[in-house]
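>>> take a look and give me a structure for this.
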Amino acid sequence: MTAHRFYFEDFLVGRTVEVGQVTVDEAEIIEFATRFDPQPFHIDPVAAEKSMFGGIIASGWHTCSMMMRAMVDGYLADSASLGSPGVDEVRWLKPVRGGDVLTISSTVLESVPSTSRPDRGVIFTSWEARNQNDELVATIKGRGMFLRRPA
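Numbering: from 1, shown residues only. From the prediction side, this is the model:
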C-alpha cells in the first residue's frame, strides 16, 4: 500500500486550510468557455463589454475547475483520497476576470467514519475562492472519501 501524507484522521472538523492561489488568465477564460460554456460574455470581448458584466468573465465551471486544481495540488494528490460521491452546492458569487488572483481554502464541516467499511470515512467540506480584494467569488460544498491511516 502506498503511504500518503493525508488520511481521513487528518481532516479535523472546523479546520480551515489555504490550499493555493490561481492567477486567472483571460486567454484561458476564452479557451475554456469556447469549449465548454460558449456564452458571449465568456468568449466575445465586444459582446462581453456590452453585457451587464462590462467585459469577459470566467465561466463558473472554469472557476470550479481552477478551484479543483488548487485542491489537487494543495493536498488531494498526496492523500488517501478515494474520490467523491458528489457536491451538494456550488455558488458563483462575483464575476471572475482575467488578472484576478484567487486564493482557495478548504474547511472541514463534518467527518464521518464508515460503519460498513472501517478502513475509510467521508469528509464534508466547504471550499472558498477569494479574489485579490478578499471578496468571496465562489463556494463549493461537497464530500470526499478517504482511507483511514493504516495501523
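
>>> CA atoms for contacts and neighbours, from now on please.
Will do.

>>> could you pull out the strands for the protein?
Per DSSP state E, the chain has strands spanning 16-23, 81-92, 101-113, 120-130, 136-147. These are given in chain order.

>>> who does the second one touch, helix- and strand-wise?
Okay, so that is strand 81-92. Packing contacts for strand 81-92, counted by 3 or more Cα pairs under 8 Å, 6 or more residues apart in numbering; DSSP states H and E, involve strand 136-147.

>>> next: the fourth one.
For strand 120-130, the helices and strands in contact under the criterion 3+ Cα pairs under 8 Å, 6+ apart are strand 101-113, strand 136-147.

>>> adding mean pLDDT, write these out as JSON lines.
Rendered in JSON lines, the data for these read as follows (pLDDT from 0 to 100):
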{"stretch": "strand 101-113", "mean pLDDT": "98"}
{"stretch": "strand 136-147", "mean pLDDT": "98"}
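
>>> go through the ones you listed and name the closest to residue 84.
The closest of the helices and strands packed on strand 120-130 to residue 84 is strand 136-147. By Cα to Cα, the value is 4.4 Å.

>>> I'd like the helices and strands packed on strand 120-130 as CSV, with distance to residue 47 and mean neighbour count appended.
Supplementary listing: those in CSV, determined by distance: least, Cα to Cα, whole Å; neighbours: other Cα atoms under 10 Å:
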stretch, distance to residue 47, mean neighbour count
strand 101-113, 24, 20
strand 136-147, 22, 20
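
>>> which among the ones you listed is found nearest to residue 36?
Of all those, it is strand 136-147 that lies closest to residue 36, at 18.6 Å by Cα to Cα.

>>> how far does stretch 49-69 stretch from start to finish?
The first residue of stretch 49-69 is 29 Å away from its last residue (Cα to Cα, to the nearest Å).
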